[in-house]
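Colleague: quick one, what's the 3D model for this:
(2 chains)
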Amino acid sequence: GESVGLHLPTLSVQEGDNSIINCAYSNSASDYFIWYKQESGKGPQFIIDIRSNMDKRQGQRVTVLLNKTVKHLSLQIAATQPGDSAVYFCAENMAGRTGNQFYFGTGTSLTVIP
Amino acid sequence: DGGITQSPKYLFRKEGQNVTLSCEQNLNHDAMYWYRQDPGQGLRLIYYSQIVNDFQKGDIAEGYSVSREKKESFPLTVTSAQKNPTAFYLCASSPTSGGNSYNEQFFGPGTRLTVL
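Modeller: Numbers count the residues shown, from 1 in each chain, chains lettered A, B, ... in the order given. Got it, this is the predicted structure:
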């Protein structure tokens, strides 16, 4: 029979608008976070990272905000472009975890409407 | 160009056959990883290796095997014991093996395995 997979959260934005993608984590000891972008059929690409001693970090058109109190991470993309359409997911690491292992979120699918 | 290569991009196999997925990196990274990605799920770690001739099981190692004979190479074999092998497989590497330091993991382009 047909197998149906889980559906990713989705976000649709108009070209030129700002996008906000959210990620919640559960481990209060997590202290390093990365946002990845994954285009269809491709491997994930690093966008930006942040350590727990920071609340905010900015890159080119992207900003990551970290709220350790509520264990929440967000990725803001300014002036969203069609090339930003992809799945975005967060990854977390923590001190003492062997092998530089990350745990990954399920992702949010961003669609930019021209 | 430096990077991680995975081959082939698409792979089809009959049920009951073992299949080996290739992963090569020329980034001089110590650590390498294999993940499985299924629709609507986060990446799940199959195996990782922090150094040549050593590797550790991840969260879903059953039905898989790996080797790390060279720093540059970390092939993954999907055996007939893996009950649901159809998935997108991603290889990654990082320049450190952990401890109290962190480094980004760099990903290859992935191999989509379909078992018929």
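Colleague: so who does the spatially most central residue of chain B touch?
Modeller: Nearest residue to the geometric centre of chain B (C-alpha atoms, centre = their mean): B:Trp34, 2.4 Å. Going by C-beta atoms under 8 Å, 6 or more residues apart in numbering or on different chains, B:Trp34 touches B:21, B:23, B:45-48, B:58, B:64, B:66, B:74, B:76, B:89-92. Backbone N, C-alpha and C define where each C-beta goes, glycine included.
Colleague: now do A:Gly83
Modeller: A:Val112.
Colleague: Three-state assignment for it, please.
Modeller: helix (DSSP: H, G, I helix; E, B strand; the rest coil).
Colleague: report the separation between it and B:Thr86.
Modeller: To B:Thr86, A:Gly83 is 30 Å away according to C-beta to C-beta, to the nearest Å.
Colleague: quick check: pLDDT value at the residue nearest to the centre of chain B.
Modeller: Per-residue confidence (pLDDT) for B:Trp34: 98.
Colleague: doesn't it fall inside a strand?
Modeller: Yes: counting by three-state DSSP, B:Trp34 falls inside a strand.
Colleague: for it, name its beta-bridge partners.
Modeller: Counting by DSSP bridges, B:Trp34 is bridged to B:Tyr47, B:Cys91.
Colleague: interface residues of chain B facing chain A?
Modeller: B:4, B:6, B:31, B:35, B:38-43, B:45, B:48, B:50, B:56, B:58, B:90, B:94, B:96-98, B:100-110, B:112 (C-beta under 8 Å from any C-beta of the partner chain).
Colleague: report the buried residues of stretch B:33-47.
Modeller: B:33-37, B:41-47 (16 or more other C-beta atoms under 10 Å in any protein chain shown).
Colleague: likewise stretch A:8-24?
Modeller: By neighbour count, with 16+ other C-beta under 10 Å as the criterion, the buried positions of stretch A:8-24 are A:8, A:11, A:13, A:19, A:21, A:23.
Colleague: swap in stretch B:109-116?
Modeller: For stretch B:109-116, using 16+ other C-beta under 10 Å, the buried residues are B:110-111, B:113, B:115.
Colleague: columns distance to A:Pro44, secondary structure and pLDDT on top of the residues you listed, output as TSV?
Modeller: What follows is these, written out as TSV (distance: C-beta to C-beta, whole Å; DSSP: H, G, I helix; E, B strand; the rest coil; pLDDT from 0 to 100):
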residue	distance to A:Pro44	secondary structure	pLDDT
B:Gly110	9	coil	97
B:Thr111	14	strand	97
B:Leu113	18	strand	96
B:Val115	24	strand	92
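Colleague: out of those, which comes closest to chain A?
Modeller: Closest approach to chain A among the buried residues of stretch B:109-116 (C-beta to the nearest C-beta): B:Gly110, at 5.1 Å.
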